[in-house]
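> next come a sequence and a model predicted from it.
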Amino acid sequence: MQVKTTGSKYEFFLEGPISEKTGLYDYVIKNATEVVVDMDKVTFINSIGVKNWISWTMKIPAGCKLQLSRCPFVIINQINMVHGFLPKTATVESFYAPYVCECGTEANLLLQRGKEYEYPHNGEKERLDIPETSPCKKCSKDMEPDFIEKKISGFINPPG
Ligand SMILES: [Zn+2]
């Protein structure tokens, strides 16, 4: 794991499986105003990883912004299944959504806040515009989402 600090902003770059061995959980954040967790290289999260994640996020100071960046789809699934995985004040800045083509090709599309979705702000409601198709790089037909949009919307409207 790499850590980058800029003033009161902390950036964590996680790698591999999230488990009891994840160094993030040994990190005590004090006086932070912004915490970014980049999950681009996360492969998997086990149940202890989930438990530790929740207790770690609860220790983040009140008023500190928590942003999750480049989340693999396993994390989006956790957010939708596990109550409290995404604290109410936290946001998902981008995540990878799985698409599949009838030729068997699979791809992960990076969907970004401000583009494909947005949180409620400036009096506007939240928005989720998942692309219905994406061109297949192999056969140039349309790939389709390999998930059900309604089941993943919890990262904008956390369950519970
Ligand atoms: Zn194809």
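Perfect, I can see it now.

> so which elements touch the longest strand seen in the chain?
Assignment by DSSP state E gives strand 34-45 as the longest strand of the chain. Applying 3 or more CB pairs under 8 Å, 6 or more residues apart in numbering; DSSP states H and E, one finds that strand 34-45 contacts strand 9-18, strand 65-69, helix 73-81. The way it works is simple: take the backbone N, C-alpha and C, and place the C-beta from them, glycine included.

> quick one, the first one and strand 65-69 angle?
What that stands for is strand 9-18. Angle of strand 9-18 versus strand 65-69, following axes from the mean of the first three to the mean of the last three CA atoms, to 10 degrees, is 50 degrees.

> quick one on the thing from earlier: tell me which of the helices and strands packed on strand 34-45 lies nearest to the ion.
helix 73-81 (19.4 Å; CB to the ion).

> A helix includes G154, no?
Yes: under DSSP: H, G, I helix; E, B strand; the rest coil, G154 falls within a helix.

> per-residue pLDDT, it?
On pLDDT, G154 comes in at 91.

> mind listing what it touches?
I79, N80, L86 (CB atoms under 8 Å, 6 or more residues apart in numbering).

> touching, the first one and N157? I think so.
No: I79 sits out of contact with N157 when judged by CB atoms under 8 Å, with a separation of 10.5 Å.

> from K51, how far off is the residue sitting nearest the centre point of the chain?
Centroid check for the chain by CA atoms, centre = their mean gives C71 as the closest residue, at 3.6 Å. C71 sits 18 Å away from K51, taking CB to CB, to the nearest Å as the criterion.

> which residues does L66 bridge with?
Beta bridges link L66 to V35, judged by DSSP bridges.

> tally of neighbours for it?
By other CB atoms under 10 Å, 18 other residues sit near L66.

> please apply the same query to the one 3 residues further on.
Burial of S69, expressed as a neighbour count using other CB under 10 Å, amounts to 19.

> kindly report the same for the one 3 residues further on.
Burial measure for P72: 18 neighbouring residues, criterion other CB under 10 Å.

> show the contacting residues for it.
Applying CB under 8 Å, 6+ apart, we find P72 in contact with M39, D40, V42, T43, F95, Y96, N108.

> try it again at 6 Å.
V42, Y96 (CB atoms under 6 Å, 6 or more residues apart in numbering).

> pLDDT at it, what is it?
For P72, the predicted pLDDT is 98.
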